[in-house]
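In: no FASTA, just this:
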């Protein structure tokens, strides 16, 4: 588990941007569970963070100076330069993209219309292919990805069971229109609770945590259930955690599929084409937990692993 | 783990078959790992065995008396009436089928051309969809299913790594043309051994045992590797066994899919259409471990869980 001492805040002077570059002042920055995976010195789907370098990740900000005709002063841009109040970058840097703020507030592009919304969309629509009649179990249902996944599954006509920890989160998940909410912190036996919520079993599991939730889903799965796995926060911090009951994969002919959003950026146009109207019509609601100031970025990040956030965790700069 | 005391041998008098029925004298009977699953009083893909009833399972025998024109005396038939020297059954009973013994020996229909061969075929061809260039890891490679899976994967042009326990089994697997054989009983670290055998990682894992083999496969998998899971003998006897490292499913975007042969009997014609020529041309070799006499059926069955068989475990009556 990361601790505050693993991080250092540094103040540096930003030079003027070079020709072809822009200077951006960030308004919002994102902290995400996947960042934990990059704090480990092993090869993975993204390279590890380097000691002494800036934490990378999503941010949205305003162009203050532009030395390139493709971006104008005052444009709102998303970027992947991470935990900074401001940065210089070439106007065509990877991940730097102007966004339309007439329909959506800028911070939406870090949440429901950003990578977390895309992750939910891919898991529900592509990997699990949720249809009317499905009984869908979603862990971390009050989280950034889970809360969107719940709503997309409802739009598809599924029965949705969400799991969240504590009364406030349970209430939030209920407000999203989820059929049954399990307060896993109040349940002595998560499998029994899921069994009560889905007496006929679940046909889809959207996993954001692994561990006991995955075990419960294996135990309560119907034959041929599909599991979309994208999070496993439990496993991210404890490589010793083990899962029982995998024999259900064979007995029930389950399909478990891991996915990573950055593999599927080609789906972004399709995603925004559905998501922006869903947000506009109120079918998808979003929630944020917002901490103020870059000096609280570490606290905000650590909240992700202690259940301290409802919806998308953001830092306002 | 089952023990001999869980079984009882009974001698009964068989009446003459009724009109429309046949009397069959079994020559060979099959003992299979899946029978362990049916010795548990829980709902599963097949109903549990009932106490005091005969163990069901595959057998091949000769029609001694026929009261139905569809079967003649002397016909060789496969059946699912299990651990009996003889039985009466309606000529159209489910699973009772005349087989052609001109091209294949009768016992082949309990092994390489029977359910075990079909299981290997489905896992390699359908679930994992093995292609040229794949690096395929197969556990229990000296077993009935694994030994056939190895050979089918080689026919597809894959590089094949098999795991087996002890020098005799390793030698047998090597004789099948497998590229690398791991003696898991001689390896202190199965994951390290698999890493050495597949320095670039495996793209397919055919699981027959679960447990440490599954953990090794998760650790050494390439991104987007496909896992076909059909056995999990480890999990069948010990519901407390747990698997570490599932976070690899997400990090490497793995697909794990359980399958059960009885779901896919519609594939039998396609299977026999490929398998019978492969056997005839020597591309698929088969091996059996044979115990003699129904009084040794229990011992033969228990050998499956103690690594006592090479290839298909049969009882000759």
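Out: Looks like it came in fine. Note that the structure is a prediction, hence the values are computed from the model and not measured.

In: can you give me the helices for the stretch 101-250 of chain A?
Out: A:115-121, A:144-155, A:167-175, A:190-197, A:211-220, A:233-237, A:247-251 (DSSP state H, counting those that start in this stretch).

In: the longest one near chain B at all?
Out: Okay, so that is helix A:144-155. No - contact of helix A:144-155 with chain B is not found when judged by CB under 8 Å from any CB of the partner chain; the minimum separation is 12.3 Å. Where you see a C-beta, it was placed from the backbone N, CA and C, and this is true even at glycine.

In: elements contacting that helix?
Out: helix A:115-121, strand A:135-138, strand A:159-164, helix A:167-175, strand A:202-207, helix A:268-280 (3 or more CB pairs under 8 Å, 6 or more residues apart in numbering or on different chains; DSSP states H and E).

In: so which bits of it are buried?
Out: Within helix A:144-155, the residues that qualify as buried are A:144, A:145, A:146, A:147, A:148, A:149, A:150, A:151, A:152, A:153, A:154, A:155, counting by 16 or more other CB atoms under 10 Å in any protein chain shown.

In: can I get those in JSON lines with distance to residue B:87?
Out: Compiled in JSON lines, the buried residues of helix A:144-155 are given as follows (distance: CB to CB, whole Å):
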{"residue": "A:144", "distance to residue B:87": "61"}
{"residue": "A:145", "distance to residue B:87": "57"}
{"residue": "A:146", "distance to residue B:87": "55"}
{"residue": "A:147", "distance to residue B:87": "59"}
{"residue": "A:148", "distance to residue B:87": "59"}
{"residue": "A:149", "distance to residue B:87": "53"}
{"residue": "A:150", "distance to residue B:87": "54"}
{"residue": "A:151", "distance to residue B:87": "58"}
{"residue": "A:152", "distance to residue B:87": "55"}
{"residue": "A:153", "distance to residue B:87": "50"}
{"residue": "A:154", "distance to residue B:87": "54"}
{"residue": "A:155", "distance to residue B:87": "56"}
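
In: how about the residues you listed in a markdown table, adding pLDDT and distance to residue A:252?
Out: Putting the buried residues of helix A:144-155 into a markdown table (pLDDT from 0 to 100; distance: CB to CB, whole Å) gives the following:
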| residue | pLDDT | distance to residue A:252 |
| --- | --- | --- |
| A:144 | 87 | 30 |
| A:145 | 92 | 25 |
| A:146 | 94 | 23 |
| A:147 | 94 | 28 |
| A:148 | 96 | 27 |
| A:149 | 97 | 22 |
| A:150 | 98 | 24 |
| A:151 | 98 | 27 |
| A:152 | 98 | 25 |
| A:153 | 98 | 20 |
| A:154 | 98 | 25 |
| A:155 | 97 | 27 |
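
In: for the helices of the stretch 101-250 of chain A, which has the smallest mean pLDDT value?
Out: When the helices of the stretch 101-250 of chain A are compared by mean pLDDT, helix A:233-237 comes last with a mean of 50.

In: just to revisit the earlier point, tell me which of the helices and strands packed on helix A:144-155 sits most buried.
Out: Among the helices and strands packed on helix A:144-155, ranked by average contacts under mean count of other CB atoms under 10 Å in any protein chain shown, first place goes to strand A:135-138 (a mean of 30).

In: list the helices and strands that one packs on?
Out: Using 3+ CB pairs under 8 Å, 6+ apart as the test, strand A:135-138 ends up in contact with helix A:144-155, strand A:159-164, strand A:202-207.

In: what about the residue of the stretch 51-200 of chain A at minimum distance from chain B, neighbour count?
Out: Of all residues in the stretch 51-200 of chain A, residue A:127 sits closest to chain B, at 9.5 Å by CB to the nearest CB. When neighbours are counted by other CB atoms under 10 Å in any protein chain shown, residue A:127 registers 23.

In: and for residue A:105?
Out: 15.

In: any idea how far it lies from residue B:50?
Out: From residue A:105 across to residue B:50, the span is 64 Å (CB to CB, to the nearest Å).

In: what do you get for residue A:308?
Out: From residue A:308 to residue B:50 the distance is 53 Å (CB to CB).

In: those two: which has the busier surroundings?
Out: Remark: of residue A:308 and residue B:50, residue A:308 carries more neighbours, 13 against 10, as counted by other CB under 10 Å.

In: just checking, that one touches residue A:296?
Out: No - counting by CB atoms under 8 Å, residue A:296 is not a contact partner of residue A:308; they are 11.8 Å apart.

In: for chain A, which residues are neighbours of chain B?
Out: A:37, A:44-45, A:210, A:214, A:223, A:229-232, A:235-236, A:239-260, A:263.

In: among these, which ones are in strands?
Out: Mapping those onto strands (DSSP state E) picks out A:223, A:229, A:242, A:243, A:244, A:255, A:256, A:257, A:258.

In: next, count neighbours for the first one.
Out: What it means is residue A:223. 16.

In: what about the nearest residue to it once chain neighbours are set aside, distance to residue A:212?
Out: Among residues not flanking residue A:223 along the chain, residue A:252 sits closest, at 4.8 Å (CB to CB, 6 or more residues apart in numbering or on different chains). As judged by CB to CB, residue A:252 and residue A:212 stand 19 Å apart.

In: just the buried ones among the residues of chain A next to chain B, please.
Out: Looking at the residues of chain A next to chain B with 16+ other CB under 10 Å, the buried ones turn out to be A:37, A:44, A:210, A:214, A:223, A:229-232, A:235-236, A:241-260.

In: any weak-confidence spans in chain A?
Out: A:43-45, A:232-240 (pLDDT under 70).

In: go with 50
Out: Applying pLDDT under 50 to chain A flags residues A:234-237, A:239-240.

In: which segments of it make up each domain?
Out: A:4-111+A:286-316, A:117-262 (automatic domain parsing).

In: so which of these gets nearest residue B:304?
Out: Residue B:304 lies closest to domain A:117-262 among the domains of chain A, at 15.7 Å (CB to CB).

In: quick one: end-to-end distance for the closest one.
Out: 13 Å (CA to CA, to the nearest Å).

In: output the helices of the stretch 101-250 of chain A in CSV, with distance to residue B:173 appended to each entry.
Out: Output for these, formatted as CSV (distance: least, CB to CB, whole Å):
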stretch, distance to residue B:173
helix A:115-121, 42
helix A:144-155, 44
helix A:167-175, 51
helix A:190-197, 39
helix A:211-220, 31
helix A:233-237, 33
helix A:247-251, 23
